[in-house]
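>>> below are the sequence and a predicted model for it; my questions follow.
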Amino acid sequence: MAMNDGDRQILDHFDRTREQTIELARWTSEDLLARTADGEDHPLAWVFLHVADGVDWWMHHVMRDGGPWRPGYGRDKDSVVAALGASRDRLVSFFDADDGRPMGRTFTFDDGHEDTPRWVGRDRVLYLTDHEIHHRGKIVLALRQWGLTDYPTLL
């Protein structure tokens, strides 16, 4: 089945969400990327990279797109922005291919258990969007803890 309007909206929502995350990463200084918020275990750069790595993990292990799980980006601002952009492009191009048919495909992950988990492509795009928004919220919370309020608007 070709991409329908609902699938296009889901994919566009992921793309817009990622663009806002990239804008936030560009706005964040190198000093802030190296800081760890109270109550967290990792610096902001790691949190941004975790968002990118999450997409790369799912694309490698579940969608099996042939790309690497961990491309090995650094924690400097340019590397963080590059990682976010590359993982966005990877997901969007995969699910946009073949007139969007991967959005309706079923994907599995053999984790060695009796019941192999199954997901439909559109569900994974929604999941990865939710995952990103969750971690972006943690980033904004850290910025607010540090007294910053003039970060890019995230709608």
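Done, it's in.
>>> just to check, M59 is in contact with D89?
No: the pair M59 / D89 is not scored as a contact, 10.8 Å apart, by Cβ atoms under 8 Å. Bear in mind the C-beta positions are built from the backbone N, C-alpha and C, glycine included.
>>> so which of the two has more stuff around it?
Using other Cβ atoms under 10 Å as the criterion, M59 and D89 rank with M59 on top: 22 against 13.
>>> and for that one, nearest residue in space, chain neighbours not counted?
Closest residue in space to M59, ignoring its immediate chain neighbours: D65 at 4.8 Å, by Cβ to Cβ, 6 or more residues apart in numbering.
>>> verify the contact between the one you found and V92 for me.
No: D65 is beyond contact range of V92, at 11.7 Å (criterion: Cβ under 8 Å).
>>> which residues does stretch 43-55 contact?
By Cβ atoms under 8 Å, 6 or more residues apart in numbering, the surrounding residues in contact with stretch 43-55 are 21, 25, 28, 32-37, 40, 42, 69-70, 73, 75-76, 80, 83-84, 86-88, 90-91, 128, 131-132, 135-136, 138-139, 142.
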